[in-house]
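Enquirer: Let me see the structure of the following:
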Amino acid sequence: MHQDHNPGINPAPLIALTTRYWESQLFLTANRIGLSHLLDKEAKSTAEIAAALGLKPRPTRLLLKACEALGLLKEEPDECFANTSLTAAFMVPGKPAYLGDAVRYADNLYTAWGNLEQALREGKPAIAAESYLGRDEEKTRAFVYGMHNRALGIGNTMVQMLNLKGRQQLLDVGGGPGTYSALLTRQTPGLHAVVLDLPDVVAIAREIIGSMGAAEQVTTLAGDYKQTPFPADNDVVLISGVFHRETEATCRELIRRAADALQHNGLLVISDIFTDAGGAEPAFATLFGLNMMLSAPDGGVHADADVAEWMASAGFDSIQTLLFPPPMPHRMVIGILHSYPSESS
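Expert: Residues are numbered from 1 along each chain as shown. Presented below is the predicted three-dimensional model:
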């Protein structure tokens with residue numbers, strides 16, 4: 001029998017894929033049990049850590065050494081463990097760049113990824129979106145604060161990429177925690193914003209907006225962006241992190257409604273994780289599309305070139321695609337409303 005051999009091909013990348021979840025589960029678990037928070041002020045021994053977190057000493061030692069191997073912890077000369085500069089900066093509650101809530105949201109999706117085959121066969125999400133958009137109070141709070149954690153880093157870059165000088169009214173469609181609106185109004189004197197999102201989401205968003213000192217500049221509108229009429233006379237509409245939850249038809253309709261809600265020369269900003277034309281790159285965006293399929297009925301990923309085409313069809317021109325600096329996977333497609341299609345035809 002003829003058998004093909006490929007002596008020049010190394011299977012190591014395939015083998016690495018089989019255990020990659022070990023690292024993510026270690027990280028997610030360390031965050032869930034509050035390990036970095038416990039070690040914020042001082043290093044502790046294995047016995048002290050186990051006692052404080054309600055763990056058994058022997059498996060705790062294995063956990064701590066694995067965290068050390070991944071650069072999450074460091075062992076001091078006295079056999080005590082401490083946070084590394086990385087975990088101290090990002091994984092301790094209360095720190096400006098805290099990401100623990102965002103990591104917890106990823107943790108909530110872990111089981112869903114284990115049901116990927118079932119989702120593919122049934123054609124529906126592995127978890128109900130309603131559970132983290134209002135039905136389950138704890139998951140909803142973790143989701144909104146997780147989005148806030150992520151949006152702080154993304155938004156601080158966004159405000160450097162967008163020049164909104166002279167613009168006065170922004171509509172933030174599906175604005176979640178309101179983080180982008182708070183940052184953009186802080187950056188742009190005279191700009192006010194309205195954050196439109198679900199009632200249980202904007203209830204938490206108001207807390208976040210207030211904590212950022214933006215309550216006077218940013219208000220909220222409780223509703224469903226698919227049904228609630230958009231307020232009129234905006235000179236900016238921001239749609240960020242929405243398209244990955246929606247079909248092409250819904251995305252086109254949101255663009256059309258954004259055009260109706262904008263003044264002449266109004267700016268539309270669509271920010272999301274997009275693929276290149278063809279949909280196969282970058283790899284993170286393709287995996288993100290699967291993640292959204294697992295967590296939203298119409299979840300997926302779109303190509304930025306398609307979004308630009310949809311905007312042009314709705315009357316936008318001067319369309320640009322802006323890539324966030326690495327390692328951020330996000331992109332913005334922006335355009336100006338100079339005329340509606342019927343006016344230019």
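Enquirer: so where's the stretch 1-150 of the chain uncertain?
Expert: The stretch 1-150 of the chain contains residues with pLDDT under 70 at 1-5.
Enquirer: actually the stretch 201-345 of the chain, sorry about that
Expert: For the stretch 201-345 of the chain, counting by pLDDT under 70, the residues that fall below are 339-345.
Enquirer: can you give me the strands in it?
Expert: 218-222, 234-240, 262-272, 316-323, 331-337 (DSSP state E, counting those that start in this stretch).
Enquirer: And this protein, what are its domain boundaries?
Expert: Using automatic domain parsing, the domain parsing of the chain gives 12-91, 152-344.
Enquirer: To Asn115, which of those lies closest?
Expert: Closest to Asn115 of these, according to C-beta to C-beta: domain 152-344, at 7.5 Å. C-beta coordinates here come from the backbone N, C-alpha and C atoms, glycine included.
Enquirer: can you redo the strands of the stretch 201-345 of the chain as JSON lines with distance to Gly210 and mean neighbour count?
Expert: Below are those laid out as JSON lines (distance: least, C-beta to C-beta, whole Å; neighbours: other C-beta atoms under 10 Å):
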{"stretch": "strand 218-222", "distance to Gly210": "9", "mean neighbour count": "20"}
{"stretch": "strand 234-240", "distance to Gly210": "20", "mean neighbour count": "24"}
{"stretch": "strand 262-272", "distance to Gly210": "24", "mean neighbour count": "21"}
{"stretch": "strand 316-323", "distance to Gly210": "30", "mean neighbour count": "15"}
{"stretch": "strand 331-337", "distance to Gly210": "27", "mean neighbour count": "22"}
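Enquirer: Return the most buried member of the domains of the chain.
Expert: domain 152-344 (a mean of 19; mean count of other C-beta atoms under 10 Å).
Enquirer: you'd agree Phe143 is up against Ser131?
Expert: No: counting by C-beta atoms under 8 Å, Phe143 does not reach Ser131; the two are 9.1 Å apart.
Enquirer: list the contacts for the residue lying closest to Gly176 once chain neighbours are set aside?
Expert: Once flanking residues are discounted, Gly176 sits nearest to Met147: 4.7 Å by C-beta to C-beta, 6 or more residues apart in numbering. With contact set as C-beta atoms under 8 Å, 6 or more residues apart in numbering, Met147 has these partners: 102, 105, 176-177, 179, 241.
Enquirer: May I ask you to name the longest helix in this protein?
Expert: Looking across the chain with DSSP state H, the single longest helix is helix 137-161.
Enquirer: State the distance from Met292 to His338.
Expert: 32 Å (C-beta to C-beta, to the nearest Å).
Enquirer: Nearest approach to Leu109 belongs to which of the domains of the chain?
Expert: domain 152-344 (6.2 Å).
Enquirer: Pull the most distant pair out of the contacts of Met147.
Expert: Tyr105 and Thr179 (14.4 Å).
Enquirer: Test my guess that Trp310 contacts Arg252.
Expert: Yes: using C-beta under 8 Å, Trp310 is in contact with Arg252, at 5.1 Å.
Enquirer: Give me the common contacts of the two.
Expert: Counting by C-beta under 8 Å, 6+ apart, nothing touches both Trp310 and Arg252.
Enquirer: any residues touching stretch 215-235, and which ones?
Expert: So stretch 215-235 is contacted by 167-171, 173-174, 178, 181-182, 185-186, 191-199, 202-203, 205-206, 209, 237, 242, 250, 254, 257-258, 260-263, 265-267 (C-beta under 8 Å, 6+ apart).
Enquirer: that older thread, mind checking the strands of the stretch 201-345 of the chain for the one nearest to Arg58?
Expert: Shortest distance between Arg58 and these, using C-beta to C-beta, is found for strand 262-272: 45.3 Å.
Enquirer: Would you mind pulling up the elements that the closest one packs against?
Expert: strand 234-240, helix 248-260, helix 304-313, strand 331-337 (3 or more C-beta pairs under 8 Å, 6 or more residues apart in numbering; DSSP states H and E).
Enquirer: distance between the ends of stretch 269-282?
Expert: 21 Å (C-alpha to C-alpha, to the nearest Å).
Enquirer: no no, stretch 39-57
Expert: 16 Å.
Enquirer: what does that stretch contact?
Expert: Counting by C-beta under 8 Å, 6+ apart, 33-35, 38, 60-61, 63-64, 73, 76, 78-83, 88, 92 sit against stretch 39-57.
Enquirer: Can you tell me which of those end up in strands?
Expert: Of the positions in the contacts of stretch 39-57, 73, 80-83 sit in strands, assigned by DSSP state E.
Enquirer: Which neighbouring elements make contact with the helix or strand hosting Pro13?
Expert: If you go by DSSP states H and E, Pro13 is part of helix 12-32. Contacts defined by 3+ C-beta pairs under 8 Å, 6+ apart place helix 12-32 against helix 57-69, helix 100-108, helix 110-114.
Enquirer: mind redoing it with 10 Å?
Expert: Counting contacts by 3 or more C-beta pairs under 10 Å, 6 or more residues apart in numbering; DSSP states H and E, helix 12-32 is packed against helix 35-38, helix 57-69, helix 85-90, helix 100-108, helix 110-114.
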